[in-house]
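Peer 1: Next comes the sequence, and after it the predicted model I'd like to discuss.
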Amino acid sequence: MTDLTGLSPADRHRVVAAGFAEQVAATEDWSAPTAVDGWVALDVVRHLIDWLPGFLAAGGIELAPTGSVDDDPAAAWTSRSEAIQRLLDGPDAASEFTHPMVGTHVLTDAIDSVYTADVFMHTWDLASASGRESGLDPAFAEQLRTGMAGIEDMLRASGQYGAAVDVPADAGAVDKLMGFIGRDPRR
């Protein structure tokens, strides 16, 4: 398990995207229900493919479309993650990115805080849908949970996160993060 907390945004994405790709490759039942209410395993991949282009386009960055998630989830994921990695490794990675809802940030920081974090959390969803361990870095899970706790009201109001699920006080950092975002890690 790689400690993600000290990595650059580009390197963190590389590791997180590879971890998600491992879960995609291991998924056998794309109709398996997930911890996200009403979603099956394929919906997790679809979500990560579909929402980012609109977010980036609002700040003037266009992403090429991927192949069909329904036809080949692994190929669609590879296409999307490689496109994001090219942005993070590219000559404009340190440029300003202005989004009407989140303000102005360095492009790598915007992708890291909004997208890479989402991929990290949804890795757990995809793994748990198939009864596998997610292999998520507990230090990064704690960093995310601590950072999100300060904006909890805004996150809950967005509708993107369910009500927090109570987890035991001695639960690990990944389980605490999952509980914070509305997943029951004991399911």
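Peer 2: Perfect, thanks for sending it. For clarity, every value in this text was computed on a predicted model and none was experimentally measured.
Peer 1: Need the CA coordinates for stretch 146-165. CSV is fine.
Peer 2: Output for stretch 146-165, consisting of C-alpha atoms alone and laid out as CSV, is shown next (Å, rounded to 0.1, in the frame of the first residue of the first chain):
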residue,chain,number,x,y,z
THR,A,146,-10.4,15.5,8.2
GLY,A,147,-10.5,17.9,5.3
MET,A,148,-14.1,17.2,4.5
ALA,A,149,-15.3,17.5,8.1
GLY,A,150,-14.7,21.2,7.9
ILE,A,151,-17.2,21.6,5.0
GLU,A,152,-19.6,18.8,6.1
ASP,A,153,-22.7,21.0,5.9
MET,A,154,-21.9,22.1,2.4
LEU,A,155,-21.2,18.5,1.3
ARG,A,156,-24.4,17.2,2.8
ALA,A,157,-26.4,20.1,1.2
SER,A,158,-24.9,19.2,-2.2
GLY,A,159,-26.8,15.9,-2.2
GLN,A,160,-23.6,14.1,-3.2
TYR,A,161,-23.1,12.5,0.2
GLY,A,162,-25.6,10.6,2.3
ALA,A,163,-26.1,10.9,6.0
ALA,A,164,-23.1,9.8,8.0
VAL,A,165,-23.2,6.2,9.1
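Peer 1: Just the residues contacting the worst-scoring helix or strand of the chain on mean pLDDT, thanks.
Peer 2: Least confident helix or strand, the chain: helix 152-158 with a mean of 82, by mean pLDDT, DSSP states H and E. Helix 152-158 is contacted by residues Met148, Tyr161, Ala163, Phe180 when judged by CB atoms under 8 Å, 6 or more residues apart in numbering. C-beta: built from backbone N, CA, C; applies to glycine.
Peer 1: how about 10 Å then?
Peer 2: Surrounding helix 152-158, the residues in contact under the criterion CB atoms under 10 Å, 6 or more residues apart in numbering are 101, 145, 148-149, 151, 160-164, 180-182.
Peer 1: Out of these, flag the one nearest to Gly60.
Peer 2: Of all the contacts of helix 152-158, the one with the least separation from Gly60 (CB to CB) is Met101, at 14.1 Å.
Peer 1: for the closest one, phi and psi?
Peer 2: Note on Met101: its backbone torsions stand at phi -100, psi -30 [degrees, to the nearest 10].
Peer 1: for Ser134, helix, strand, or coil?
Peer 2: Assigned state for Ser134: coil (three-state reduction, DSSP: H, G, I helix; E, B strand; the rest coil).
Peer 1: Shouldn't His47 be within a strand?
Peer 2: No: counting by three-state DSSP, His47 is not found in a strand; it is helix.
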